[in-house]
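J.: got a predicted structure plus its sequence, pasted below:
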Amino acid sequence: MRLRSVLAVLLGWWVLGAGCAMGMAGAIPPAAFQFHRVVPQEGPEGGGWKVAQTSITLTRVSQTQPVQAQCDVEVGLPMSTRLGAIPDLMAQEQTALAADQAARFALGKRPATSAELCGLFVEEMRRLLTAQLPGVRVRRFVETGIPRTKFVPE
């Protein structure tokens, strides 16, 4: 059990110190964001809406101020815009990259509570994705009936 604690501390420092999300232990995979159509697309000019709901566990290992939070995040976006279709794979990759960056940002701010940690995480994801995906909406779970995925780093 002690070895596991030491490995968790080392992993935590490595995750916080890493400059790149690719290949990083604990990285949130694109498959964690499974988009489901909630509004059908009508016509060639855009429209339709898809949503992914994921519970992501964030952990800061610290002897003085540890915190762990299960953050529920819903990402919604149009299936297509006037600029063209937004394929699920591209949406998954952009969302996973934003989630990795947002996790590092939120954990680096050293919030005292899990609610603060999740708030920082969701807000940073929103900021990052707004610049990448036109029409994106990032918030806590709102849509009902959407299959939810979970990501808990090992």
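T.: Received, thanks.
J.: the helices in the protein, which residues?
T.: For the chain, the helices defined by DSSP state H occupy 2-17, 88-108, 114-132.
J.: quick one: which of these is nearest residue 42?
T.: Residue 42 lies closest, by CB to CB, to one member of these: helix 88-108, at 18.6 Å. Backbone N, C-alpha and C define where each C-beta goes, glycine included.
J.: and the helices of the chain, which one averages the lowest pLDDT?
T.: Among the helices of the chain, helix 2-17 carries the lowest mean pLDDT, a mean of 37.
J.: about what we covered before: nearest to residue 50, of the helices of the chain?
T.: Closest among the helices of the chain, using CB to CB: helix 88-108, at 7.3 Å.
J.: center of the chain - which residue?
T.: residue 99 (3.3 Å; CA atoms, centre = their mean).
J.: from residue 151, how far out is residue 54?
T.: 6 Å (CB to CB, to the nearest Å).
J.: er, residue 81 I mean
T.: Distance, residue 81 to residue 151, by CB to CB: 28 Å.
J.: mind checking which of those two has more residues around it?
T.: residue 151 (22 against 15; other CB atoms under 10 Å).
J.: the nearest residue to the more buried one once chain neighbours are set aside: what's it in contact with?
T.: Computed as CB to CB, 6 or more residues apart in numbering, the closest residue to residue 151 that is not its neighbour in sequence is residue 32, at 4.3 Å. Residue 32 is in contact with 54, 56, 96, 99, 149, 150, 151, counting by CB atoms under 8 Å, 6 or more residues apart in numbering.
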